[in-house]
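Engineer: My questions are about this predicted structure, shown below with the sequence.
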Amino acid sequence: MDHSGISVLFEGTNFQRLLGGLWVTVRIAAVALIIGLILGIMLGVLRTFKNRPLRVILRLYLEFFRIVPTVVLLFLFYYILPRQMNFNLPGDQLATLVFALWVAAEMSDIVRGALISVPQHQKESGKAIGLNRYQLYRYVLIPQAISLEIPATINLATRVIKTTSLLMLISVMDVINIGQQIIEANNHSHPTGVFWVYGLIFLFYFLIDYPLSWWAKRLEKKRLERANG
Amino acid sequence: MSSWTIIQQSLPVFIKGFELTLWLSLIGIIGSIIVGLIVSLLQYFKVPVLHQIASVYVEISRNTPLLIQLFFLYYAFPVIGIKFGAELCGIIGLVFLGGSYMAEGFTGGFNGVSKGQMESGKAIGLSRWQLARYIVFPQGFSLSVPAMAANVIFLIKETSIFTVIAIPELTNTALDLIGMYYRSNEYLFVLVIGYAIILIPLSIVLTLLEKRVRYGSFGN
């Protein structure tokens, strides 16, 4: 007989399994973000230096990660690392690596953008009172850039979390992959289960991302209010 | 077989995928701009009830991944009796996602118009509608250009996710070929080139536009 679809979520260990999958998803996003942000801040500062070859290389790195869709990036690493370089990584570590490199690229642009939008006279005043390059960044540019870059960084985090939905494509046991297994296993007993399982995953993503983007919006609004009165 | 022969033989299939990616992107982008414009106007004029609905839509659309939106449309909706073909699902999903991004872009532009401009308009006695028509919209639209351009690139890249509902666009074509012939290097190469042909020129235009808008407002 047909059961009502929603009960599929609570049968056996289904709900715990979905939460376990969600944890895999969140862990990959978090580790990738931490590595990517640190690397990205360093690259972003380097991109404001006058050294031309360095700037060109970092710009190319950014453009590559910007132009190639994330799905394609995942598959590039998934196929090319083991076959060309004999470098085998489990799916979750591979995904963490790809996401971290992608976050670093995007973050470098956020940091660079924030640093160059500090008004020119601030930089000149700093130089006029005899600050060296390190002091200029430490006391003048970075503190002023931070309020500009935090909302963009939070938004980047929400993007990374959304992008983890692609993990299932390289067979990582994330929340969507587990959801699919539950749907397939219960297809006969719960034909409408698909609606509830995907509905729950939809809700999971929303519950993680909505508070983050709300926070980013609030910070951005505060910043604009301070800037424009 | 040499790599070059492999690539040559696959080109006709890839060109089909390329065209499909372009078409779906184009329709999706136009749809997104229309939805985004409607949503941002509802929010700008604070149309009762509708602007709350618009806000809920924006939050749901922006805070969930396209992949889940597509799975919902393609696999879950048929259960409650609503069925679309894969390509239509893709377009609906892309417009659902893109509409909110475009709306945020327009709204950002409208909000970016400086307070001084608004106050000067009010001081010379412009009505709310005149203020919108002569001050906010002309300046707001040009301020939203960089965001629009970034959204266009974002949406084109998002079409790569259509592969999960088996739409034979660029990414799906490449993955299919790899699955059949195991020549991953060649097919991935063509795949990356395919996206580069679309996105590099667009990205250059975006940078130029950003420079112009920046010059317009800051003079450097």
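Structural biologist: Looks like it arrived, so ask away.
Engineer: Can you name the element that comes right after the helix of greatest length in chain B?
Structural biologist: Longest helix in chain B, counting residues (DSSP state H): helix B:3-44. Using DSSP states H and E, the helix or strand that follows helix B:3-44 in sequence is helix B:50-62.
Engineer: near chain A, anything from that following helix?
Structural biologist: Yes. Against chain A, helix B:50-62 shows contacts by C-beta under 8 Å from any C-beta of the partner chain at B:59-60, B:62. Using the backbone N, CA and C atoms, a C-beta is placed for each residue, glycine as well.
Engineer: and the following helix or strand past that helix, does that touch chain A?
Structural biologist: Downstream of helix B:50-62, the first helix or strand assigned by DSSP H and E is helix B:66-71. Yes. Using C-beta under 8 Å from any C-beta, helix B:66-71 reaches chain A at B:66-69, B:71.
Engineer: quick one: which of these is nearest chain A?
Structural biologist: B:Leu67 (4.1 Å; C-beta to the nearest C-beta).
Engineer: gap between the closest residue to that closest one other than its chain neighbours and A:Ala95?
Structural biologist: Using C-beta to C-beta, 6 or more residues apart in numbering or on different chains and skipping the chain neighbours, the partner closest in space to B:Leu67 is A:Ser165 (4.1 Å). Noted for A:Ser165: a distance of 11 Å to A:Ala95, by C-beta to C-beta, to the nearest Å.
Engineer: show me where pLDDT drops low in chain A?
Structural biologist: Across chain A, the stretches falling below the confidence threshold (pLDDT under 70) are A:1-4, A:228-229.
Engineer: Spell out for me which residue occupies the centre of it.
Structural biologist: A:Val160 (2.4 Å; C-alpha atoms, centre = their mean).
Engineer: Could you measure from it over to A:Ala105?
Structural biologist: Going from A:Val160 to A:Ala105 by C-beta to C-beta gives 12 Å.
Engineer: same thing with B:Pro168?
Structural biologist: Between B:Pro168 and A:Ala105 the computed distance is 29 Å (C-beta to C-beta).
Engineer: Compare these two and say which one has the larger neighbour count.
Structural biologist: Between B:Pro168 and A:Ala105, counting by other C-beta atoms under 10 Å in any protein chain shown, A:Ala105 is the more crowded of the two (20 against 17).
Engineer: The nearest residue to that one once chain neighbours are set aside and chain B, how far apart?
Structural biologist: Leaving aside its sequence neighbours, A:Ala105 sits nearest to A:Phe65 (C-beta to C-beta, 6+ apart; 3.7 Å). For A:Phe65, the distance to chain B (C-beta to the nearest C-beta, to the nearest Å) stands at 11 Å.
Engineer: ok, and for the host helix or strand of A:Phe65, which residues are buried?
Structural biologist: According to DSSP H and E, A:Phe65 maps onto helix A:52-67. Under the neighbour-count criterion of 16 or more other C-beta atoms under 10 Å in any protein chain shown, helix A:52-67 has A:58, A:61-63, A:65-67 buried.
Engineer: Contacts only, for the most centrally placed residue in chain B.
Structural biologist: For chain B, B:Leu155 is the residue whose C-alpha lies nearest the centre (C-alpha atoms, centre = their mean; 3.3 Å). By C-beta atoms under 8 Å, 6 or more residues apart in numbering or on different chains, B:Leu155 lies in contact with B:25, B:28-29, B:32, B:94, B:97-98, B:101.
Engineer: let's see 6 Å
Structural biologist: B:28-29, B:98 (C-beta atoms under 6 Å, 6 or more residues apart in numbering or on different chains).
Engineer: Present the residues you listed as a markdown table; the columns should include neighbour count.
Structural biologist: Formatted as a markdown table, these follow (neighbours: other C-beta atoms under 10 Å in any protein chain shown):
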| residue | neighbour count |
| --- | --- |
| B:Gly28 | 26 |
| B:Ile29 | 20 |
| B:Gly98 | 26 |
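Engineer: any idea whether A:Trp196 is helix, strand or coil?
Structural biologist: The three-state label given to A:Trp196 by DSSP: H, G, I helix; E, B strand; the rest coil is helix.
Engineer: Please give me every residue in contact with it.
Structural biologist: A:Trp196 sits next to A:5-6, A:9 when contact means C-beta under 6 Å, 6+ apart.
Engineer: 7 Å instead, please
Structural biologist: When contacts are counted by C-beta atoms under 7 Å, 6 or more residues apart in numbering or on different chains, A:Trp196 touches A:5-6, A:8-9.
Engineer: how about the residues of chain A near chain B?
Structural biologist: A:63, A:66-69, A:71-72, A:75-76, A:79, A:83, A:120, A:158, A:162, A:165-166, A:191-192, A:194-195, A:198-199, A:201-202, A:205-206, A:209-210, A:213, A:228 (C-beta under 7 Å from any C-beta of the partner chain).
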